[in-house]
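**Student:** no FASTA, just this:
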């Protein structure tokens, strides 16, 4: 039999998402750290791209998973049986959300949540068009790709959904394009893949007002910025608005695959008739995932990690000063460090990883380095990461 390394097997048998995967072989993760097959330790500064808010392998999450494994795993497609992990987590989320966001539809991911929300908006309003924002990201499935705000990434898969109108983010002109033919406007509360674009509070309020005026549903995507990432449990709290439909994912599952779209009963019930089963999923809201997610959210709140997020984000901004750094954009622990070119950023990322600090880049801002660490990060770990980034920039 042919003898192949794990990396060779990885490249041969697993579908690749790029021509240059990181290819690190990680065998253990705990807290803020990952360890590879050679025993090298990495400080995790991206948290699985916003997934591991309370770090890796928290004992309470592992206990919740083990407990649910001992009871049952998959029973039947979503929505038919009363399953206590789903019900318990949905009730907890509802208690933490505004009064119009009380009905949760669990999915497997944030992209699936976006798909369900787009269907829901069209079904409820009966309208043919959708407003989305340039440089916005909502996933890679067909509908999510259609509302993605970057032509480079979506062009190869045309034709896409019809009736999509792309608007300028944080622009008054974009607000004026919202009209009564639109079923919904979908946007990230804070744009992530664009390189952490924080909009004006007044702008989001004007979007909310225009949606109210035209009867257009407002969908806010907090897949990346929910669960305290921006310094409050929900980022929309900082902008004085409430969406009609909220999208969650990533941290929602506490390290397990889970997404959700959330609305009120009046809107959500439109998926249950004419036709019935208007939206279906086999594994959405998997009981083990819901148990893990509820445990993780409980820990996030009990240990009050969110109260530290804003000050830690500001510490990053104060420390990351270098001639090659053009800008540092941040809201809480969602941070983009912009260098003077994509090539420089790529080299800085490589050097950081070689020195045991795991960082990444942004889809729509390749010149920017991504920092989105677990919210349990300490000030000492912030300083360590910044020192490695600055020293790496010195070497480029």
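**Tutor:** Noted; the coordinates are in hand. In this text, all values refer to a predicted model and were calculated from it rather than measured experimentally.
**Student:** Find the residue at the geometric middle of the protein.
**Tutor:** The residue lying closest to the centre of the chain (Cα atoms, centre = their mean) is residue 224, at 2.3 Å.
**Student:** Need the three-state assignment for that residue.
**Tutor:** With DSSP: H, G, I helix; E, B strand; the rest coil as the basis, residue 224 sits in coil.
**Student:** which ones are touching it?
**Tutor:** The contact partners of residue 224, by Cβ atoms under 8 Å, 6 or more residues apart in numbering, come to 49, 50, 110, 188, 192, 250, 334, 372. The C-beta positions use only the backbone N, C-alpha and C, and glycine is treated the same way.
**Student:** ok, 7 Å please
**Tutor:** Contacts for residue 224 (Cβ atoms under 7 Å, 6 or more residues apart in numbering) come out as 50, 192, 250.
**Student:** Now for residue 377, how many residues are close by?
**Tutor:** Residues lying near residue 377 (other Cβ atoms under 10 Å) number 26.
**Student:** I meant to write residue 273 there.
**Tutor:** 9.
**Student:** So it versus residue 124, what's the distance?
**Tutor:** 12 Å (Cβ to Cβ, to the nearest Å).
**Student:** now swap in residue 197 and tell me
**Tutor:** Distance, residue 197 to residue 124, by Cβ to Cβ: 29 Å.
**Student:** Secondary structure of residue 95: a strand, I assume?
**Tutor:** No - Residue 95 is assigned helix when assessed by three-state DSSP, not a strand.
**Student:** any low-confidence regions in the stretch 101-250 of the chain?
**Tutor:** Residues of the stretch 101-250 of the chain meeting the criterion pLDDT under 70: none.
**Student:** residue ranges of the strands in it, please?
**Tutor:** 103-107, 129-133, 164-167, 182-188, 217-221, 245-248 (DSSP state E, counting those that start in this stretch).
**Student:** what's in contact with the second one?
**Tutor:** Outside of strand 129-133, the residues that reach it under the criterion Cβ under 7 Å, 6+ apart are 118, 147, 149, 163-167, 169, 178, 181-187.
**Student:** From those, keep the buried residues only.
**Tutor:** For the contacts of strand 129-133, a burial check counting by 16 or more other Cβ atoms under 10 Å picks out 118, 147, 149, 164-167, 169, 178, 182-187.
**Student:** Quick check: the farthest pair among these?
**Tutor:** Greatest spacing in the buried ones among the contacts of strand 129-133, by Cβ to Cβ: 169 and 183 (19.3 Å).
**Student:** Okay, residue 180 and residue 210: tell me how far apart.
**Tutor:** 11 Å.
**Student:** who has more neighbours, those two?
**Tutor:** residue 210 (20 against 11).
**Student:** Next one: the closest residue to the more buried one other than its chain neighbours from residue 10, what distance?
**Tutor:** Residue nearest to residue 210 in three dimensions, not counting chain neighbours: residue 178, with 4.5 Å by Cβ to Cβ, 6 or more residues apart in numbering. Using Cβ to Cβ, residue 178 is found at 45 Å from residue 10.
**Student:** what's the answer for residue 40, then?
**Tutor:** From residue 40 to residue 10 the distance is 17 Å (Cβ to Cβ).
**Student:** Likewise for residue 257?
**Tutor:** Taking Cβ to Cβ, one finds residue 257 at 20 Å from residue 10.
**Student:** Please apply the same query to residue 86.
**Tutor:** 34 Å.
**Student:** Please, where are all the helices along the stretch 101-250 of the chain?
**Tutor:** In the stretch 101-250 of the chain, the helices defined using DSSP state H, counting those that start in this stretch lie at 110-125, 142-147, 151-154, 172-176, 201-214.
**Student:** Tell me which of the ones you listed is the most buried.
**Tutor:** Most buried of the helices of the stretch 101-250 of the chain by mean neighbour count (mean count of other Cβ atoms under 10 Å) is helix 110-125; its value is a mean of 24.
**Student:** contact partners of stretch 184-194?
**Tutor:** Against stretch 184-194 from outside (Cβ under 7 Å, 6+ apart): 121, 130-133, 135-138, 147, 169, 178, 196-198, 207, 211, 216-222, 224-225, 230, 235-236, 239, 331, 334, 362-365.
**Student:** same question, stretch 248-263
**Tutor:** With Cβ under 7 Å, 6+ apart, stretch 248-263 has contacts from 49-53, 61, 97, 101, 103-110, 112-113, 116-117, 120, 222-224, 226-227, 244-247, 288-290, 292-293, 295-296.
**Student:** More neighbours: which of residue 257 and residue 10?
**Tutor:** Ranked by neighbour count (other Cβ under 10 Å), residue 257 and residue 10 place residue 257 first, with 21 against 14.
**Student:** For the more buried one, which three-state class applies?
**Tutor:** Criterion first, three-state DSSP; result for residue 257: coil.
**Student:** thinking again about what came up before, save the contacts of residue 224 as TSV, and put in distance to residue 300 and neighbour count too.
**Tutor:** Conversion of the contacts of residue 224 to TSV gives the following (distance: Cβ to Cβ, whole Å; neighbours: other Cβ atoms under 10 Å):
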residue	distance to residue 300	neighbour count
50	13	24
192	19	27
250	13	26
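**Student:** which of those residues lies closest to residue 386?
**Tutor:** residue 50 (19.7 Å).
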